[in-house]
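Novice: Here is my input, please return the structure:
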Amino acid sequence: MAPGLAGGGPAFVPFTLPGERVLAVGAGERRELAQVLEPSAERIAPVCPHFGTCGGCALQHWAPEPYLAWKVARLVGTFARERIETEILPAFMAGPGTRRRVALHARRGGREAAKLGYKARKSWDLVDIAVCPISDPAIQAAIPALKRLAAPLFEHPKSAPTLHVTCTPSGLDIDITGVERKSGGLSADARMQVAERAAEADFARVTIDGEMAYLARLPQVRLGQAVVSLPPGAFLQATPGAEAAMGAFVAEQGAGATRIADLYCGVGTFTFRLAEIAQVYAADFAPDAIRALTSALAAAPGLHGVTAEARDLVRRPVLAEELRKTDLAVFDPPRAGGAEQTAELARSSLARVIAVSCNPATFARDARTLIDAGFSLDRVLPVDQFLWSPHIELVGVFSR
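Specialist: This next block holds a predicted model:
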């Protein structure tokens, strides 16, 4: 937020709202909130006791409707900088308690429990959390067990573990990174403690940098008609509701296609839904994701056929000539966008492109490439699945 300074000019003060009069401390444009003198009618009580200290959520103090409208307005402003106008559809917003993927940092505590949580605002210090209202209740309930799981990971003083926790119907899947490995990694005794504590908590799987440390059940998720066994640390959309909304929208906008390219497909978030419409060529840079996708095909009914390939779409994008018989491309690149692949989509004879993005800035850049090649951006679905953060995602539909 940027309320005005008494002497003129903007001041950027966290945890304020438009129209409020506040007392801020510090110098220059960036200050800290000391007191709210005249609160906005849109101000509400934060739901988390760690809000304001934890560096995760930034906007719990804002009522849902104006909060979401602000996010969408920022999205429109990002488009405007690239001279893009389009229809903005009503936004999807995830609710509290729906995040199925979180990354929890661990720091040395006692023998029985580590400190676990998120980094503090403007600091490398750790906020040792007791609750996390954005997270799935199964993750919240497991916080004490996750602290116990992390305690044996500190044999080396340089270890700074992060627990990447995914909630699946099979149970919690935890991939641990940041354990010092130059000294040989964890001892056999520490690995045994990790396995015993995982079993006590009934976790589905625990891996350390992708290597198995404990397995009770394969973590699996349903994607369309397929049940996919997840590789360690696999990417999934942050909330099941957002995944379902985006998947349904992509399938609806892709109706009528006869041959589809699903680029940056991951484990098949959109692939299996698109394969109910037409034949799909799926590509992703991660070989383990492609193996998981391919393995799930045999038991997935009613699909038109999927060909999957592990391919670096930055160094080796799918060329325009390879897309001659394709009439729809769906692509969901990482935050850096897909400039190299977008250039080939622009050169192709494609009539339709659906772009999924977690970064409006790189989406707008890639969208400008397509628009300059004759595409129009027909409509955009905003998706707010990183609740109470400034981030917003989107799905854009292009045609020519």
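Novice: What are the buried residues along the helix or strand containing residue 199?
Specialist: Using DSSP states H and E, residue 199 maps to helix 188-201. Using 16 or more other C-beta atoms under 10 Å as the test for burial, helix 188-201 gives 190-191, 193-195, 197-198, 201. (Each C-beta comes from the backbone N, C-alpha and C, glycine too.)
Novice: again with stretch 266-283
Specialist: 266-283.
Novice: Kindly report the same for stretch 111-130.
Specialist: For stretch 111-130, by 16+ other C-beta under 10 Å, it's 113-118, 120-121, 126-129.
Novice: rewinding a little: please list the members of the buried residues of stretch 266-283 that lie in helices.
Specialist: 271-274 (DSSP state H).
Novice: Among the buried residues of stretch 111-130, find me the one that's closest to residue 346.
Specialist: residue 118 (39.6 Å; C-beta to C-beta).
Novice: tell me which strands and helices the helix or strand containing the closest one is in contact with?
Specialist: Assigned by DSSP H and E, residue 118 belongs to strand 115-119. The contact analysis (3 or more C-beta pairs under 8 Å, 6 or more residues apart in numbering; DSSP states H and E) places strand 115-119 against strand 101-107, strand 126-128, helix 143-150.
Novice: Spatially central residue in this protein, please.
Specialist: residue 238 (4.8 Å; C-alpha atoms, centre = their mean).
Novice: Secondary structure element for residue 213, which one?
Specialist: Counting by DSSP H and E, residue 213 is found in strand 211-215.
Novice: going on from that strand, what's the next piece of helix or strand?
Specialist: That would be, after strand 211-215 and using DSSP H and E, strand 220-223.
Novice: Which residue ranges of the stretch 301-400 of the chain form strands?
Specialist: Ranges of strands in the stretch 301-400 of the chain, per DSSP state E, counting those that start in this stretch, are 306-310, 328-331, 352-357, 376-384, 393-399.
Novice: And the closest residue in space to residue 230 that isn't next to it in sequence, what's its pLDDT?
Specialist: Once flanking residues are discounted, residue 230 sits nearest to residue 219: 4.7 Å by C-beta to C-beta, 6 or more residues apart in numbering. On pLDDT, residue 219 comes in at 98.
Novice: can I assume residue 219 is in contact with residue 167?
Specialist: No. Checked against C-beta atoms under 8 Å, the pair residue 219 and residue 167 is beyond contact range at 9.2 Å.
Novice: rewinding a little: and of the buried residues of helix 188-201, the nearest to residue 93?
Specialist: Closest to residue 93, out of all of the buried residues of helix 188-201 and judged by C-beta to C-beta, is residue 201, at 31.3 Å.
Novice: Could you pull up the residues touching that closest one?
Specialist: 142, 145-146, 148-149, 172 (C-beta atoms under 8 Å, 6 or more residues apart in numbering).
Novice: got the buried residues of helix 188-201 as TSV, with pLDDT and distance to residue 57 columns?
Specialist: Conversion of the buried residues of helix 188-201 to TSV gives the following (pLDDT from 0 to 100; distance: C-beta to C-beta, whole Å):
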residue	pLDDT	distance to residue 57
190	94	33
191	95	34
193	97	33
194	97	30
195	97	33
197	98	29
198	98	28
201	98	26
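Novice: The strand or helix carrying residue 35 - contacts with which helices or strands?
Specialist: Using DSSP H and E, residue 35 falls within strand 32-38. Packing partners of strand 32-38 (3+ C-beta pairs under 8 Å, 6+ apart): strand 21-25.
Novice: Neighbouring strands - and their directions - for the strand it packs on?
Specialist: Applying DSSP bridges to the sheet, strand 21-25 is found paired with strand 32-38 (antiparallel).
Novice: Wait, residue 246 touches residue 395, no?
Specialist: Yes. Contact criterion C-beta under 8 Å: residue 246 and residue 395 qualify, at 5.6 Å.
Novice: Find residues that contact each of the two.
Specialist: 356, 381, 383.
Novice: Residue 249 and residue 381 touch, don't they?
Specialist: Yes. With contact defined as C-beta under 8 Å, residue 249 reaches residue 381; the gap is 5.2 Å.
Novice: higher neighbour count, these two?
Specialist: Neighbours per residue, other C-beta atoms under 10 Å: of residue 249 and residue 381, the larger number sits with residue 381, 22 against 19.
Novice: The more buried one reaches residue 392, doesn't it?
Specialist: No. Using C-beta under 8 Å, residue 381 makes no contact with residue 392, being 10.8 Å away.
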